[in-house]
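Asks: What follows is a predicted protein model with its sequence.
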Amino acid sequence: MRAGGVAGAYNCRMDKFLVLGGSGFVGTSLCERLVARAQGGGGPITIPTRHPARAKHLQSLPTVRLKQADIFEPGRLVGLLAGHDAVVNLVAILHGSEAEFTRVHVELPSLLADACRASGVDRIVHVSALGAASDAPSRYLRSKAGGEAALRASGLDVTLLRPSVIFGARDRFLNLFARMQRVLPMMPLAGATARFQPVWVADVADAIVRCLDRPSTIGQTYECAGPRQYALRDLVQLAGRWSGHERPVIGLPDGIARLQAGLLEMLPGEPLMSRDNLDSMKVPNVASGRLPGLEQLGIVAATLDSVAPGYLGRG
């Protein structure tokens, strides 16, 4: 990252943003906060998407504009970046082959860095993941580390965020476990002892906005985690309890867990669990304490039990 970026690159407040992955779970919350931040007077928030019909929920937000585009198309990012002050990258996948993880988590950040240099947009906020490391046990975490490395080496004004598992009304984590307990008599659970530090989606969105507003965050990596750690077993039990369908949780031995995950990978559609997910859970998904966190951004992280019962109980 360029030292000059912190000292004085931003003489006026940025208000024109390109958000990659903006139609997703975190992106929707981020767009709502960017619109609120602008108080009706901000510049455009551009959301590229291959399928605008799937992003209709954003059309009611003032200043948000959907643009049909494939961000992997050669040269497309340069055109999308034109006229913007900063870009936020939220694009990620949880399941896939080595090649798919590399394409999304490593090659896309590299393409984005090249496009930023070509278009003169210096500021990037990139959302990675807790546990990202080149020697991590899973393809997901290793590829996340590769994307971070590409951006660190770019010479651009980059801030990295590493969230734990993110919860909120539209999450695919607690809601999934709640739905499963409505139909299953018990919950056979792989990785039952894996540790997580869940963070509210609104806190992650606020962290992104504060990084965009604070040049002092350039060159920093922030761990975004909630105030409490949980075993996966505890999170599943809470999801069932708060939704009114708590079932017994049966932790699976490692061998059976891998067999179950392998079978789930063979089913059509996005798997509920993959062997790579199990590998990711070998690394505690909790803040290391060696990097700044939400508190350094002035954010008091919401507790799980202050938010989740409200939306799980409506299901």
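Replies: Looks like it arrived, so ask away. None of these values were measured; they are calculated from a predicted model.

Asks: Tell me who's in contact with Ala287.
Replies: Contacts for Ala287 (Cβ atoms under 8 Å, 6 or more residues apart in numbering) come out as 130, 164, 197, 223, 225, 293. Where C-beta positions appear, they are placed from N, C-alpha and C, glycine not excepted.

Asks: and which of those residues is nearest to Cys31?
Replies: Distance from Cys31 was checked for each of the contacts of Ala287 by Cβ to Cβ. The minimum falls on Ser164, at 21.9 Å.

Asks: From Gly262, how far out is that closest one?
Replies: Between Ser164 and Gly262 the distance, using Cβ to Cβ, to the nearest Å, works out to 26 Å.

Asks: More neighbours: those two, which one.
Replies: Looking at Ser164 and Gly262 with other Cβ atoms under 10 Å, you find the greater number of neighbours at Ser164, namely 24 against 14.

Asks: Isn't the more buried one up against Cys224?
Replies: Yes. Counting by Cβ atoms under 8 Å, Cys224 is a contact partner of Ser164 at 6.9 Å.

Asks: before we move on, back to that, quick one: which of the contacts of Ala287 is nearest Met273?
Replies: Top of the list for closeness to Met273, among the contacts of Ala287 and by Cβ to Cβ, is Ser164 at 18.0 Å.

Asks: just to revisit the earlier point, any chance of a ChimeraX selection covering the buried ones in the contacts of Ala287?
Replies: Selecting only the buried entries of the contacts of Ala287 in ChimeraX, with 16 or more other Cβ atoms under 10 Å as the criterion:
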select :130,164,197,223,225,293
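
Asks: And Gly251, what's its pLDDT?
Replies: Here, the pLDDT recorded for Gly251 equals 96.

Asks: And the strands in the stretch 101-250 of the chain?
Replies: Using DSSP state E, counting those that start in this stretch, the strands assigned to the stretch 101-250 of the chain run over residues 123-127, 157-163, 166-167, 187-189, 195-196, 199-200, 221-224, 230-231, 249-251.

Asks: Make JSON lines from those strands and add distance to Ile47 to it.
Replies: As requested, the strands of the stretch 101-250 of the chain are exported to JSON lines (distance: least, Cβ to Cβ, whole Å):
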{"stretch": "strand 123-127", "distance to Ile47": "15"}
{"stretch": "strand 157-163", "distance to Ile47": "19"}
{"stretch": "strand 166-167", "distance to Ile47": "19"}
{"stretch": "strand 187-189", "distance to Ile47": "36"}
{"stretch": "strand 195-196", "distance to Ile47": "29"}
{"stretch": "strand 199-200", "distance to Ile47": "22"}
{"stretch": "strand 221-224", "distance to Ile47": "22"}
{"stretch": "strand 230-231", "distance to Ile47": "32"}
{"stretch": "strand 249-251", "distance to Ile47": "38"}
